[in-house]
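# Model the structure of this input:
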Amino acid sequence: MNTWLTATAALLTLGLGPCLWVAARGPAHRRLPGVNLATTLVAVVFLLLAQGFGRSSYTDMALALAVLGPTGTLVFTRFLGAGPEPASEPEPEPDRPRREDGAAR
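Reported below is the predicted structural model:
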């Protein structure tokens, strides 16, 4: 086991666990940073694995994940993180005729 794989193991155990914990609990606006950081950490893990095993295909996976990560964040924000739509404002009441002293009838 070389230094690259040791760094990968440390990053997976110490970094990804808290990210997944944050991403799994709480309201959507609190889960989003966990999802973002987990995506970044997994891309870094693929880069470390590429160096550790000497395989360039893992680098390609890291680049693909780096491109798709922000897209996944937008999808999460749009579809999964959206709460109920606010109720529309009530229509204003029509103008009522006023009496001569200015009070509404």
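# Any regions of the chain where pLDDT drops low?
Counting by pLDDT under 70, the chain has low-confidence residues at 80-94, 96-99, 102-105.
# What's the biggest helix in it, counting residues?
What stands out as the longest helix in the chain, according to DSSP state H, is helix 28-53.
# list the helices and strands that one packs on?
helix 3-11, helix 17-24, helix 57-75 (3 or more C-beta pairs under 8 Å, 6 or more residues apart in numbering; DSSP states H and E). Every C-beta, even on glycine, is put in place using the N, C-alpha and C of the backbone.
# list the buried ones in it?
For helix 28-53, a neighbour-count test (16 or more other C-beta atoms under 10 Å) marks 31-32, 34-39, 41-52 as buried.
# again with stretch 56-76
58, 61-62, 65-66, 69, 73, 76.
# with these in mind, which one is nearest to Trp4?
Distance to Trp4 across the buried residues of stretch 56-76 (C-beta to C-beta) is lowest for Tyr58, with 10.8 Å.
# I'd like the distance between the residue nearest the centre of the chain and Gly52.
Geometric centre of the chain, nearest residue: Leu32, 3.3 Å, by C-alpha atoms, centre = their mean. Noted for Leu32: a distance of 30 Å to Gly52, by C-beta to C-beta, to the nearest Å.
# How about Thr3?
Distance, Thr3 to Gly52, by C-beta to C-beta: 8 Å.
# swap in Ala24?
From Ala24 to Gly52 the distance is 28 Å (C-beta to C-beta).
# Likewise for Pro18?
To Gly52, Pro18 is 23 Å away according to C-beta to C-beta.
# cool, Leu14 as well?
In terms of C-beta to C-beta, Leu14 sits 17 Å off from Gly52.
# what does Phe79 give?
The spacing between Phe79 and Gly52, counted by C-beta to C-beta, is 36 Å.
# Likewise for Thr59?
In terms of C-beta to C-beta, Thr59 sits 12 Å off from Gly52.
# got it, and Leu68?
For Leu68, the distance to Gly52 (C-beta to C-beta) stands at 23 Å.
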